[in-house]
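Chemist: Turn this into a model:
(one chain, ligands or ions: 1)
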Amino acid sequence: MSKSVDTDLPILQSIRDRWSPRAFDQKPIPEMELQAMLEALCWSSSCFIEQPWQLLITHRGDVRHQVLLNCMSEGNRSWAQQAPVLIMAVARLLFTCNGKFNRHAVYDLGQVIAQLAIQATFRQIYLHQMGGFSVEAAKEAFGLNQNQEPYTVIVVGYLGDPDKLTETQREKEIGLRLRRLLDEILH
Ligand SMILES: Cc1cc2nc3c(=O)[nH]c(=O)nc-3n(C[C@H](O)[C@H](O)[C@H](O)COP(=O)(O)O)c2cc1C
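Modeler: A predicted model of the protein is given here:
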């Protein structure tokens, strides 16, 4: 299933093709593919090259994978559990050089995940980012300290069969992708 968008002018194919599915195949992601995605991610820019991102990667069948699934809201977990990989995206909030608060850390984290998503789509691998999880439960389960704040859990995998979703989920899956007009965001 493709949800590639039509654009007025030519843009990168991976940007046109990227979307956030709920129907994932259980097929594992080959290690080389995952490594390539992570290598692409490393080349994102960040304030003072701090690279304040930390990723916890779990694979379906691992104990830690189930622990991460348990941190999710029920609605998200119901479809996310099919996917082969979950990534918890964590920002390190303090600069390593001086321990001061890095107000750009979250900006940098979002940027790096966007880069990951574009690279993944290039290889027909899709991401679905989620804020619907318990931050407190995740911090406790994975022993994060006050300097480590998880912002999203990201479901990663190949496209699956939308007919295996619930009716409500399927409607979202096949629904139109809409965006604000450029006029609304340009000032
Ligand atoms: C920070 C963030 C949090 C999100 N949280 C959820 C979530 O908890 N559950 C969910 O189904 N989708 C979640 N999404 C996915 C968005 O709903 C989705 O990206 C948006 O509808 C646009 O669709 P598209 O990515 O297919 O273009 C989240 C996305 C982001 C970036």
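Chemist: residue in the chain nearest to the ligand?
Modeler: residue 132 (2.9 Å; CB to the nearest ligand atom). No exception for glycine: its C-beta is placed from N, CA and C like everyone else's.
Chemist: my guess is that residue meets residue 76, correct?
Modeler: Yes. With contact defined as CB atoms under 8 Å, residue 132 counts as touching residue 76 (4.6 Å).
Chemist: between those two, who's got more neighbours?
Modeler: Neighbours were tallied for residue 132 and for residue 76 using other CB atoms under 10 Å; the higher tally belongs to residue 76 (19 against 15).
Chemist: what about that one, which SS state?
Modeler: Three-state call for residue 76 (DSSP: H, G, I helix; E, B strand; the rest coil): helix.
Chemist: Tell me which residues of the longest helix seen in the chain come out buried.
Modeler: What stands out as the longest helix in the chain, according to DSSP state H, is helix 105-122. Of all the residues in helix 105-122, those buried under the rule 16 or more other CB atoms under 10 Å are 105, 108-122.
Chemist: same deal with stretch 69-76?
Modeler: Those would be 69, 71, 72, 76, for stretch 69-76 by 16+ other CB under 10 Å.
Chemist: Identify the residues contacting the helix or strand harbouring residue 36?
Modeler: Using DSSP states H and E, residue 36 sits in helix 31-42. Under the contact criterion CB atoms under 8 Å, 6 or more residues apart in numbering, helix 31-42 has outside partners 51, 53, 55, 57, 85, 112-113, 115-116, 118-120, 123, 125.
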